[in-house]
Structures are given as structure tokens and as C-alpha cells.
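# Following is a predicted model, sequence given first.
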There are 2 protein chains.
Amino acid sequence: MDTHPAVAAGGKTQALAKRYGDALPAAGPWNEHIALLLSHRSVRGYLPDAVPTGTLETLIAAASSAATSSNLQTWSVVTVTDPEVRAKLAKIANNQKHIEECPLFLVWLADLSRLERLGEAEGVTLEGLPYLETFLVAAIDAALAAQNAVVAAEAIGLSTVYIGALRNRPAEVAELLGLPPGVMGVFGLCVGYAKPQAAAEVKPRLPQSLVLHHDRYGVPAAQENTERAAYDATLEAFSERNGMGKVDWSKRAINRTEKLEAMSGRHILRETLNRMGFPLK
Amino acid sequence: MDTHPAVAAGGKTQALAKRYGDALPAAGPWNEHIALLLSHRSVRGYLPDAVPTGTLETLIAAASSAATSSNLQTWSVVTVTDPEVRAKLAKIANNQKHIEECPLFLVWLADLSRLERLGEAEGVTLEGLPYLETFLVAAIDAALAAQNAVVAAEAIGLSTVYIGALRNRPAEVAELLGLPPGVMGVFGLCVGYAKPQAAAEVKPRLPQSLVLHHDRYGVPAAQENTERAAYDATLEAFSERNGMGKVDWSKRAINRTEKLEAMSGRHILRETLNRMGFPLK
């Protein structure tokens, strides 16, 4: 097997340092599969080059191989090639131009309609479908599938970025893609070759000490605040180095969640889903 | 790099045939990373052998490397070692003994409480938190993170199974793990070495023709029914070969969704989440 370029550049300690800054976790098992996972970064600029023939089918085979709750397979996916539809989706997603630019764009669906049709074909009413739990199963199924597709894409040298902003106006997405009731576009995914200038560094994350708990949840408040301040410094330096302004994590997180306006319409998701055939009982 | 045992056994066509039976998709790019993804199977029986030192930290590093919406990182994880807590979690999950048996058990959390604490520390109210959208972001963040951990585990020869049945009684899970308001155990994950008799074949999935749509959603009803019948035959044969009874996909899917009782209490998830600090506006 050829060594993947994203993996060849550095070893385990270097990969962990890129992901965690100075807050290095204990050293554990390591190989090229894990190095590939650690090398992930989201990319928001794509070259026009087409992806290799059969890439779509390979990504879907990876997606189908993820676990799915009770093997119900309550997800589907639409690949969007129509430039007009791409443009409309980009507009819904606050003008994210990479949706138009990337050679492969996928919309991942929470899909309860396949089971609806199964019930109709077999003459039974499926009482479990209208519940929040079942919608959640479908959204999680879609997420597990999509993440496998992301890993597969990166494994062949492609880059990706999730587009959660399709949830700004899910009913419009449904109309554009002809989704029946009980189907929702949970997020989009751009796939393609990164523009060199769009390939930023690996983004540092919160230290494991704040995310991983042993037997009981909780970190002492003083520790959480100290370690958050250290992460803020790490992310601020990362942001400045990568041309994203000198803004730390705490400020960014507050900017995203303080005011309803920052949700770009997603505060009415529940009502919208109700109208789209998800009663969310 | 050593060839992974799960990957060495067969090539691309064989891997696709295991995943799709006769409904082979077009051949696309392939390498050992993709072969590893295709080789996934859920395992419900574990040897007592401990996982290698540092495995937990490696899995969490993989999890942290997954995309997260706006870098909010609205997930956390608890590793459960206490045998009494394991036993109680197994009971909640309809007596799944592998929860007690596996050397490493993780509960993946949708966690909005970290942002709540951030807002308190900075003296701001985060208006976006009480919405269904924000809960969904947290659940998806947890799913993307967990799936990366699954890939990392399988990459070092470990097996896994997700435990969605922790959602049978999420408030009890929260109490057992000391979760504050705004934190929910979305699912569990068993990690360990498979008992030889528990390592079943790769489970076939629905054909790509029923899951992957081009520009607009939809498969003609006659085609969907014919291809579903073919998948039913494939899955029935798989189930019989693997000691799971001669039951096809349609019957299993109906059994799981026809009656509320099959939800094991999950039909009240919305009310329970409301009480756990998720208003789901």
C-alpha cells in the first residue's frame, strides 16, 4: 500500500500535537488508519478537477458499511449535479460558494419514508415512526454513514466539508430535491480536491481532560476554566496563523449561540419538521 | 505498514459482494483504508482480554478529529469501569450482557452543558441552546466523533457495537453517570476483542440503487419492491447462516417499528429530554 500523503508527513506525537497543542494525551496504539483520521481538516475551496470514476459508489459502499440502528437503514443520500440546484443550495447555506465549486456534492438524508412505503406495501401501520426517537435514529444513521464516506474520501486524497447550514431552510431543500414526507436533508457534504490555499492546518480541539470523563461526568470548575483558557490561546493562535482573525474559541462559541439571529432560521426547525412529515411525538 | 487481518482476506470485489450480495455497485477507487471500512461488523460477545494501554486516548483523539458543527464540540464521553454501573446500564439496554463483558465501554454524550457553563463564566445568556436544532447538532457531533472512534478501534483489531438501547431510559443513565442538565447519553459503545463465535459475517445492506439518488429523490415503486425482495432473500440467507433465524429484512424492520412496545420506552423520549434540560423548542 502506498503511504497516504496526509499521513506520511509526520508521526504520532506530531499528529497529536497538531490536534491538541500542548495538551498531549497519553500515547496509545497507532497506525496509518489512525494517522489518516487525525489528519482531518474541513476544506472550503475546491479545484475543478473531477473525482476518479467510481468514487461516488466507493463512498456510498463505505457509508453503507457503518452501523445502523437495528439494521433499519433509515438514511439515504442525493448526489446533486444540476448547477441551478447547487446554486440554490449554496444560497440557502448562507452563500457557501464551495457547494457550487466542488466536483461532488451529497445531501445526506434522515429517511423514514422507505419504512413508510414498506408498511404500505405490506399493509401494516408502523406505530413507531412518528416519534422524536425515530427521527433521532434516522439523523444518527445518516451521520454515521456520512462519516464513513468522509474517511473513505480522505483515504483517496480528497477533501470534504459538512454543510449543516442546509438546515437553515429544510423545506426548500426538500422541494429542490423532491423529498417526500418523512425525509429531511440533515446536512450536505462537499467532496473534491482542495485548492492549495484552502488546505489549512489541522484545527486544534478541546483537551481530552475536558471531553473524556471517567465513570462520572464532571471536571472541577477551576480546572475547566483554566484549561479552556489554554485552549482559547491555542485556537486564537491557530486562527491568526490561518487567516481567520485573532479570535479565540470562547468568543466564537458565544458568537454562534448567543443570539437567535446567528441560527439563520434554524430556531423554527421543530415546526418545519412537523410540516415535513416528522410529528416528533 | 502491516496488512490488517480484516483487510488481507479479500479484495475489492469480494468486499463489495459481502456488503451487497449480488447487487454489486460500480467499481471505484480502493485501498486498505476503504477495505477496513467495508469489513465492519457489529460484535455482541467479547473476550475478557484488556485493550492495549493508551487505546482509550487514541480512540478519543480519533473522535476529536471528526468534524464538529462550527467547532462547538457539543459532545463528551464517559468511560464506564464500575461493574455495578455496567450491570445497571446492561439492564437498561434490555439485558445486553456484552455491556458488562467488554473491556472498554463508552457512553457518548450530546453535551450542551459545556456551553451553558461557558455562558455563565462569561456572563452571557446563550439564546440558541434550548432549541431542537442545537440538540440535533449535539447528537450529530456525538455520532461523528463516535464513528471515528469505531474506525480507529477496528484499525487496531478491536471490535465494537453501538448500544442505542441506552435511550430506553436516558434519565436513569444520566443519574448513573452524574450527567448535569443539558447532557444526554445518545448511545453506548462496547469495545474489545471479539469472541471467535461472536464474529459473524459482514451484514449485507440495501443496494445502492435504493439508497443513492441522483439529483432528485425517488425510485419507481415497482423497482423498489423488486429490489427490496431481492435484499430480503439475501438477508434471510445471511440470518440463517449466522444463527439468527430465517427472517428477512422487511419482517425485521416491521417487527422493530410496528408496535410501540418494541420501542422499550423510547416513545417518551421528548418528554424525558424536556425534563433533562433540553427544551427542544
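Sure, I can see it. Since the structure is predicted, the reported quantities are computational estimates derived from the model, not experimental observations.
# Look up how far B:Val219 lies from the residue in the stretch 151-281 of chain A that chain B sits nearest to.
Distance from chain B to each residue of the stretch 151-281 of chain A (Cβ to the nearest Cβ) is smallest for A:Ala155, at 3.5 Å. (Each C-beta comes from the backbone N, C-alpha and C, glycine too.) Using Cβ to Cβ, to the nearest Å, one gets 29 Å for the distance from A:Ala155 to B:Val219.
# got it, and A:Tyr131?
Per Cβ to Cβ, A:Tyr131 is found 26 Å from B:Val219.
# Repeat that for A:Leu235.
A:Leu235 is 45 Å from B:Val219, by Cβ to Cβ.
# Between these two, which is the more surrounded one?
Under the criterion of other Cβ atoms under 10 Å in any protein chain shown, the comparison of A:Leu235 against B:Val219 puts A:Leu235 first, with 23 against 18.
# out of everything not next to it in sequence, what's closest to that one?
Among residues not flanking A:Leu235 along the chain, A:Trp249 sits closest, at 4.4 Å (Cβ to Cβ, 6 or more residues apart in numbering or on different chains).
# Would you enumerate the residues in contact with the one you found?
A:Leu206, A:Arg228, A:Tyr231, A:Asp232, A:Leu235, A:Glu236, B:Asn71 (Cβ atoms under 8 Å, 6 or more residues apart in numbering or on different chains).
# Name the helix or strand for the fifth one, please.
Here A:Leu235, judged by DSSP states H and E, is contained in helix A:221-241.
# what's that helix packed up against?
Applying 3 or more Cβ pairs under 8 Å, 6 or more residues apart in numbering or on different chains; DSSP states H and E, we find helix A:221-241 packed against helix A:208-211, helix A:249-257, helix B:113-122.
# Low-confidence regions, chain A specifically.
A:1-10 (pLDDT under 70).
# which residue ranges form the strands in chain A?
For chain A, the strands defined by DSSP state E cover A:75-79, A:104-111, A:159-163, A:183-192, A:212-214.
# By proximity to chain B, which residue of the stretch 51-200 of chain A wins?
Here the residue of the stretch 51-200 of chain A nearest chain B is A:Gly54; by Cβ to the nearest Cβ that distance is 2.5 Å.
# and the nearest residue to that residue once chain neighbours are set aside, what is it in contact with?
Take A:Gly54 and drop its neighbours on the chain: the residue closest to it by Cβ to Cβ, 6+ apart is B:Gly28, 2.5 Å away. For B:Gly28, the contacting residues are A:Pro52, A:Thr53, A:Gly54, A:Thr55, A:Leu56, A:Glu57, A:Thr58, A:Leu59, A:Ala61, by Cβ under 8 Å, 6+ apart.
# let's go with 10 Å and repeat that
Residues near B:Gly28 by Cβ atoms under 10 Å, 6 or more residues apart in numbering or on different chains: A:51-61, A:152, A:156, B:12, B:16, B:34.
# Likewise for A:Thr68?
Going by Cβ under 10 Å, 6+ apart, A:Thr68 touches A:74-75, A:137-138, A:140-142, A:144-145, B:42, B:162, B:164, B:203, B:205-206.
# Repeat the analysis, applying 6 Å as the threshold.
By Cβ atoms under 6 Å, 6 or more residues apart in numbering or on different chains, the residues touching A:Thr68 are A:Asp141.
# what's the answer for A:Thr257, then?
So, once contact is read as Cβ under 6 Å, 6+ apart, A:Thr257 ends up touching B:Leu115, B:Leu126, B:Gly128.
# what's the answer for A:Glu127, then?
B:Lys259, B:Leu260.
# out of the helices and strands packed on helix A:221-241, nearest to A:Gln96?
helix A:249-257 (15.6 Å; Cβ to Cβ).
# Buried residues in that closest one, which are they?
Residues A:Trp249, A:Ser250, A:Lys251, A:Arg252, A:Ala253, A:Ile254, A:Arg256, A:Thr257 are the ones in helix A:249-257 that count as buried (16 or more other Cβ atoms under 10 Å in any protein chain shown).
# orientation of it relative to helix A:221-241 in degrees?
Here the directions of helix A:249-257 and helix A:221-241 differ by 80 degrees (axes from the mean of the first three to the mean of the last three Cα atoms, to 10 degrees).
# Which stretches in chain A count as helices?
Ranges of helices in chain A, per DSSP state H, are A:5-8, A:12-20, A:32-38, A:55-64, A:83-92, A:98-101, A:113-122, A:132-155, A:170-177, A:208-211, A:221-241, A:249-257, A:269-275.
# Any idea how far apart the tips of stretch A:254-262 sit?
End-to-end distance for stretch A:254-262, by Cα to Cα, to the nearest Å: 10 Å.
# Equivalent analysis for stretch A:173-184, please.
Across stretch A:173-184, first to last residue, Cα to Cα, it's 8 Å.
# What are the contacting residues of that stretch?
Counting by Cβ under 6 Å, 6+ apart, A:78, A:85, A:88, A:109-113, A:116, A:166, A:170, A:185, A:276-277, B:216-217 sit against stretch A:173-184.
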